[in-house]
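> here is my input; please provide its structure:
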Amino acid sequence: MGTRWTIFERMRYALDVYPYTTLNAFTLWGLPIGGNWKRDTAPFLFGVTYQVWGTLLLLAAASYILYAYWRRRSDGALVWALVATAFALFMLPTRGHERYLFPAVVFACLLAALFPRLRWYLAALSVVYLVNLYWVYDYYNPALGLESAFSLSRVVFVGALANLFLFVYLLVRAPALIHEMANKAGTVTNARRGKRRTAPVVEPVVPEPAANEGSILGQRLKYLLPALVFLVALGLYLPRLGAAGRYYFDEVYFAYTAGQYVRGDAGAYIGRGEPPQRPEIANHRTYYEWTHPPLGKLLIAGGILTVGDRPVGWRLANTLFGAAGAVLAYLLASTLARSRAIGALAAGLLLLDGVYFVEARTGKVDIFVLVFTLAALLGLYRYLNSPPTSIRGPLLWTGLAMGLGLATKWSAVYASALIGLVVLVQAYRLWHLSRRPRSGVEVRAALRQHLLWVPVALIALPLGVYALSYLPFLLAGHSVPDAIAQQGRMFRYHTNLVGNHRYKSRWWTWPLNLRPVLYYIERPGQLTTAIYASGNVLLYWCFLPAVAWLVIRWRDNNRRALVVLLIGFFGQWLPWMLSPRSSYIYHFLPAVPFGCIAVAAVAVHLWRRGDRWRMFVACYVTLTVLSFLYFYPIYSALPLTSPEFNARMWFRSWR
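I've put the predicted structure just below:
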């Protein structure tokens, strides 16, 4: 390097020798997020490189460690901060070797000596560290031939997962545990005065005041949280919205037909005639979509009118509705569970689902059905909790949403029929009570309200909305008899649609995420860009247990919320087992928000049980986020090498 160099030049030289995410080290980047010996200058997420992400994560961890130490400022907190900082320097930056964990092990010895309950932590960290060291030595100079029995990438993955657990535990659970042990020992240092207390220090547990709607904080959160959810959703969905620069999957039907609506093509409404082909944006043949009502395609046409007949234009409406659906999921969850924390977590989990993410960025109509169904079920819950004589507003809201859903896709009939059944049961109860000799004036008034508004809100209004969706159909030159005949054609098509599509799946496989759907794939050069409608497995596999737990918990004290949850989850999923047509995992989409609500309710319940469960919840949420980030490239058409793409095909049925 010459005789004249500075320490910064020396550091730069050392760092540039191995510009990789991890060098056989069990770090965060040893997970499939980055992979072993992968260039850290490659883009990872949102076009930002692995190296930059590692630096940002390290800065965030250092800020948190400093804040957590500053809150307590005790001897134990100082030792904890040393261990956490050394561990963060190993786990988060790229270009890490296995030996970089050694300082964390040294400081963990001091931590275990001061706090005996953390001896297991030292033992676990030491074992993982020694396994990492031995594996590297054995890999370059084989002694026992372990690499023949286990692939290097699998060992790095398992070791990195173990270190991630230890790192998260250290950040989340250890500070409170150290403070508790210090209190019991009766020695807590006052960092400001340098004095040592000899009496045990026990901080009283004072619950935080509830943010009720009447308080200033409650009023602000009432509007700020939904706005924040909407903005986060847009920030997630808008980047790379036009990455796939052509029609893909069913966009050759829906987005193409919406574009023909804008062009004034009357044949697009009934599917008659030869559709004009547009080879500049479609390398597959395009078709008229006439098998569903027109509202969904009209919404897509609104985006095309706004920004043009191009990929961003025919996907814009889906993105806006996807963000609105996250807001409705927050409102519904916080209303059903009476908890803003559950609402916020449910919305966050929904944003981490791959099927929802893909549908919110694809020119199809399923995301519209989901949003309208969420609105209808929110109206149903308000109806169930309204005074019997004040049902007009909730019923009209519910009927309007039902009509919009049916005018988009007939599959909305499942939730609509169950909503109507619940309202009819309520009306029958009032009728039965009114027949009693001593029935009050209020009961008879409530029955009159139902007899008046149920037919208007749940029959006339949805039919009126459905009929209005055909107004552009009539303005295009078609007649009312043509619209009626179109309904028969649509019915015959769906009842006779069997098909043998490669990615079709049975209804019972959807919560297991056994068969995702490939929407788009290109292989430019040595890279692969793909879009898979695939659920977040850590979410989907928890749906059924979480819903079952919520059924047991709500059956006695929150029955109205339970009715809405069961309609939303099972009522939109199980009818597909009777459907004669071929089905796909995206038909499970309307049930996904309710699965997220159930998972969020279980997570918040466990979190409130105390520190013992908080570590589990924190790990689960963290792994769910990492799962979404890992699969993000095949949700958003980010280029991958063949090994990177194959690593994301966890099961043979996914291909």
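> poorly predicted segments of the protein, please.
Within the chain, the stretches with pLDDT under 70 are 1-6, 8, 34, 46, 142-154, 184-219, 279-283, 438-439, 498-500.
> count residues in the vicinity of the closest residue to residue 72 other than its chain neighbours, would you?
Of all residues not flanking residue 72 in the chain, residue 179 sits nearest, at 6.0 Å (C-beta to C-beta, 6 or more residues apart in numbering). (Glycine included, C-beta is placed from N, CA and C.) Look at residue 179: counted by other C-beta atoms under 10 Å, it has 19 neighbours.
> which helix or strand contains residue 179?
helix 174-185 (DSSP states H and E).
> show me the strands in the stretch 151-300 of the chain, by range?
For the stretch 151-300 of the chain, the strands defined by DSSP state E, counting those that start in this stretch occupy 188-190, 195-197.
> tell me how far the helix holding residue 179 lies from the chain's centre.
Centroid separation for helix 174-185 versus its chain: 35 Å, with C-alpha atoms, centre = their mean, to the nearest Å.
> ditto for stretch 543-554
Worked out by C-alpha atoms, centre = their mean, stretch 543-554 lies 19 Å from the chain centre.
> ok, stretch 241-259 next?
On C-alpha atoms, centre = their mean, the centre of stretch 241-259 falls 23 Å from the chain's centre.
> pop out the phi and psi values for the closest residue to residue 352 other than its chain neighbours.
Among residues not flanking residue 352 along the chain, residue 628 sits closest, at 4.3 Å (C-beta to C-beta, 6+ apart). When read as degrees, to the nearest 10, the backbone of residue 628 gives phi -60, psi -40.
> run a quick neighbour tally on residue 628.
Using other C-beta under 10 Å: residue 628 sits among 20 other residues.
> repeat that for the one 3 residues further on.
Residue 631 has 22 neighbouring residues, counting by other C-beta under 10 Å.
> what does residue 108 give?
27.
> what is the orientation angle of the helix or strand harbouring it with helix 174-185?
Remark: residue 108 resides in helix 102-114, with elements defined by DSSP H and E. With axes from the mean of the first three to the mean of the last three C-alpha atoms, to 10 degrees defining the directions, helix 102-114 sits at 30 degrees from helix 174-185.
> which neighbouring elements make contact with the next helix or strand after helix 102-114?
Using DSSP H and E, the helix or strand that directly follows helix 102-114 along the chain is helix 119-140. Packing contacts for helix 119-140, counted by 3 or more C-beta pairs under 8 Å, 6 or more residues apart in numbering; DSSP states H and E, involve helix 102-114, helix 146-149, helix 152-172.
> let's go with 10 Å and repeat that
Counting contacts by 3 or more C-beta pairs under 10 Å, 6 or more residues apart in numbering; DSSP states H and E, helix 119-140 packs against helix 75-91, helix 102-114, helix 146-149, helix 152-172.
> can you lay out those as CSV showing distance to residue 37?
Shown next, in CSV, are these (distance: least, C-beta to C-beta, whole Å):
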stretch, distance to residue 37
helix 75-91, 17
helix 102-114, 21
helix 146-149, 14
helix 152-172, 9
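> deepest in the core, which of those is it.
Across the helices and strands packed on helix 119-140, averaging neighbours per residue (mean count of other C-beta atoms under 10 Å) puts helix 75-91 on top, at a mean of 21.
> parallel or antiparallel, list what pairs with the next helix or strand after that one.
Remark: after helix 75-91, the chain's next helix or strand is strand 96-97, criterion DSSP H and E. Strand pairing for strand 96-97, determined by DSSP bridges: strand 22-23 (parallel).
> identify all contacting residues around the partner strand.
17, 28-31, 34-38, 40, 50, 54, 91, 93-98, 100, 136, 156, 160 (C-beta atoms under 10 Å, 6 or more residues apart in numbering).
> now the angle from the helix holding residue 108 to helix 119-140?
Using the same axes, to 10 degrees: helix 102-114 against helix 119-140 is 160 degrees.
> does the closest residue to residue 412 other than its chain neighbours belong to a helix, a strand or coil?
Spatial nearest neighbour of residue 412, chain neighbours left out: residue 405 (3.2 Å); criterion: C-beta to C-beta, 6+ apart. Using DSSP: H, G, I helix; E, B strand; the rest coil, the structure places residue 405 in helix.
> could you pull up phi and psi at the spatially closest residue to residue 526 that is not a sequence neighbour?
Spatial nearest neighbour of residue 526, chain neighbours left out: residue 641 (6.5 Å); criterion: C-beta to C-beta, 6+ apart. The phi/psi pair for residue 641 (degrees, to the nearest 10) reads phi -70, psi 170.
> now residue 641: how far from residue 112?
42 Å (C-beta to C-beta, to the nearest Å).
> could you do residue 309 as well?
Residue 309 is 65 Å from residue 112, by C-beta to C-beta.
> show me the strands in the stretch 401-550 of the chain, by range?
So, for the stretch 401-550 of the chain - with DSSP E, counting those that start in this stretch - the strands run 517-522, 527-533.
> which one of those strands is the most hemmed in?
By mean count of other C-beta under 10 Å, those have strand 527-533 as the most buried, with a mean of 22.
> chain center to that one, what's the gap?
So, by C-alpha atoms, centre = their mean, the centroid of strand 527-533 is 19 Å from its chain's centroid.
> please apply the same query to stretch 424-440.
43 Å.
> likewise stretch 460-470?
33 Å.
> in it, what counts as buried?
By 16 or more other C-beta atoms under 10 Å, the buried positions in stretch 460-470 come out as 461, 462, 465, 466, 469, 470.
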